[in-house]
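Got a sequence here, can you model it:
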Amino acid sequence: MAHEKHFRIDYLLGGAYKTFYIRASKMDNSEAWHWATIDAGFGELPKYRSDKVTKLSKPQAERLGISNVEWTQN
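A predicted model of the protein is given here:
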């Protein structure tokens, strides 16, 4: 877990404001959308770190009611 940073992710789910914090080694818009889908209960977490999971894209997340995903490093 070397060089991990703390990030805040904000998003709207069906018009309701949501926010959460995560520790990760990197963050970009694609990763923020992925983590927002997980926090909302739509995305999949791997059972083990080595397991591969399908990440939902921004258009897929928007169809599920997620919007306005923003992230900042804390």
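
which residue ranges form the helices in the chain?
With helices called from DSSP state H, the chain shows them at 29-40, 58-63.

want to throw these into a markdown table with mean neighbour count?
(Each C-beta comes from the backbone N, C-alpha and C, glycine too.) Formatted as a markdown table, these follow (neighbours: other CB atoms under 10 Å):
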| stretch | mean neighbour count |
| --- | --- |
| helix 29-40 | 19 |
| helix 58-63 | 14 |
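
how about those helices, which one is nearest residue 9?
helix 29-40 (5.3 Å; CB to CB).

list the helices and strands that closest one packs on?
strand 5-13, strand 16-24, helix 58-63, strand 66-73 (3 or more CB pairs under 8 Å, 6 or more residues apart in numbering; DSSP states H and E).

For the shortest one, which outside residues touch it?
I take that to be helix 58-63. 29, 30, 33, 36, 37, 42, 69 (CB atoms under 8 Å, 6 or more residues apart in numbering).

do the first one as well
Under the criterion CB under 8 Å, 6+ apart, residues 17-25, 27, 32, 35-36, 39-40, 65-74 lie in contact with strand 5-13.

per-residue confidence at residue 72?
pLDDT for residue 72: 98.

Repeat that for residue 45.
The model's pLDDT for residue 45 equals 89.

quick one: it and residue 53 touch, right?
Yes: with contact defined as CB atoms under 8 Å, residue 45 counts as touching residue 53 (7.0 Å).

can you pull the contacts of residue 30?
Contacts of residue 30 by CB under 8 Å, 6+ apart are 55, 57, 58.

which residue is nearest the middle of the chain?
residue 35 (1.4 Å; CA atoms, centre = their mean).

I'd guessed that residue sits against residue 22; true?
Yes: assessed by CB under 8 Å, residue 35 is found in contact with residue 22 at 5.8 Å.

I'd like to know which of the contacts of helix 58-63 is nearest to residue 4.
For the contacts of helix 58-63, the nearest to residue 4 is residue 30 (18.0 Å; CB to CB).
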